[in-house]
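A.B. asks: Sequence below, structure please.
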Amino acid sequence: MSRLSIACWWFVLAVFVAVSPPVAGHAAERLSFWVKSLLVAPAHGPSVVVAIRNESTESFEGQISLAPPAGWVVDPDRQAATIAAGGSCEVRFLVKTGVNLGENAYPMVVTARDARGECVHRQTISVASAPYFKPVIDGKFEDWADSIPVSWVTAGKKTTVSTYWNRRQFSMLVAVEEDQLSRPAGDGRPCDAVQIAIAAGDTQTGVDALGEATRFEFLVAPAAADGPGQFFRLAEPGTKLSETQTDRPLKPMSSEESQVVVRRDAGVTYYECSWNWGAMREAISPGEGREFCCSVLVHDPDGTGLRDWGLGAGFGASRRNRLAWSRWPGAKWPAQDPFDNKTPWGMCSSKF
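C.D. replies: All right, here's what the predicted structure looks like:
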């Protein structure tokens, strides 16, 4: 091939690359997406809410479409949207027909199209809701058969979170697949635990350590030796965020208004707990249809490391915030900040 021919081919290739539209699946180049968890079962006609942020320096003006799981019908299936550069919006798709799936995993495909091309986002979402029930905290799990578990996988190990509510208490069961359980040694060595954040749905996490927490935050840990477990209150609205970033002694934060059993069985550690609404009632009045925020961190320092429900809920890199979670002695934090704790959750009468 002559040098002229080679030059021509390089010219054609350069033109092709320059005018090709964005490749489907590379949404982060222009737009970032987050499909929020459902708060009621699909058969009850919820809305699928898609949060979109324009990451480019040019405005987006086009169509947003949603392809739901097989057997679903959403109305409308596409909507017009205009998003300024650096701006964001939420687009809602009403579920006219929804099919409940036993594994509580619903694949969604969002496509954004404008004159410059299209961006495609794929995400599997779950129903994140607590049915009404009062379980017995006894290390036996038959009571949890009618909960709505959400699950995610970290380094090949599964974490499953189930919740209930009643007028007096909020309850949670966290099942952690792991090779071994590391109990607190009392000397600050890394140990296993579950960290829980609960907040009103209209609150946001601060980005400045001089600000105040907007969450109720708890820690559930195994007993140092054989025993049911330990429960600590790490933060509440008004706690200085700077204070949450220090390794404060846990003993003064021990809570008496809780029931805890930490039990290990067949390669799974179960954290079963209930605690009184108490001060939480002022921010989140328990009731059917109530929406709030809930998230979980699982500490597995001798195995998978930190497991973050924010990842299971579909958060992107921009939603990481070290101020969203309290430091505590015995925690082993990775170099990368955890995700924010404001993931949507709901209360319902039952899963049926």
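A.B. asks: so where's the chain shaky on pLDDT?
C.D. replies: 1-28 (pLDDT under 70).
A.B. asks: Can you show me the helices along it?
C.D. replies: Assigned helices in the chain, in chain order: 3-19, 241-244, 280-283, 309-312 (criterion: DSSP state H).
A.B. asks: What are the buried residues along the third one?
C.D. replies: This points to helix 280-283. Neighbour-count burial for helix 280-283, counted by 16 or more other C-beta atoms under 10 Å, picks out 280, 283. C-beta coordinates here come from the backbone N, C-alpha and C atoms, glycine included.
A.B. asks: Kindly report the same for stretch 93-112.
C.D. replies: Buried-residue list, stretch 93-112, by 16+ other C-beta under 10 Å: 93, 95, 98, 104, 106, 108, 110, 111, 112.
A.B. asks: Take those residues and keep only those in strands.
C.D. replies: Within the buried residues of stretch 93-112, residues falling in strands by DSSP state E are 93, 95, 106, 108, 110, 111, 112.
A.B. asks: Pick the one among the residues you listed closest to residue 254.
C.D. replies: Minimum distance to residue 254 across these is 39.2 Å, recorded for residue 106 (C-beta to C-beta).
A.B. asks: can you give me the strands in the stretch 101-250 of the chain?
C.D. replies: 106-114, 117-125, 129-131, 150-154, 157-165, 169-177, 193-200, 216-221, 230-235 (DSSP state E, counting those that start in this stretch).
A.B. asks: and of these, who's closest to residue 141?
C.D. replies: strand 169-177 (6.7 Å).
A.B. asks: Which strands or helices does that closest one pack on?
C.D. replies: Counting contacts by 3 or more C-beta pairs under 8 Å, 6 or more residues apart in numbering; DSSP states H and E, strand 169-177 packs against strand 157-165, strand 193-200, strand 268-276, strand 291-300.
A.B. asks: Can you list the helices and strands that the longest one packs against?
C.D. replies: Contact here means 3+ C-beta pairs under 8 Å, 6+ apart; on that basis strand 291-300 packs against strand 157-165, strand 169-177, strand 193-200, strand 305-308, helix 309-312, strand 344-348.
A.B. asks: Tell me which residues touch the closest residue to residue 126 other than its chain neighbours, please.
C.D. replies: The shortest distance from residue 126 to any non-neighbouring residue, by C-beta to C-beta, 6 or more residues apart in numbering, is to residue 150 (4.4 Å). Going by C-beta atoms under 8 Å, 6 or more residues apart in numbering, residue 150 touches 37, 104, 126, 127, 128, 160, 161, 162, 309, 312.
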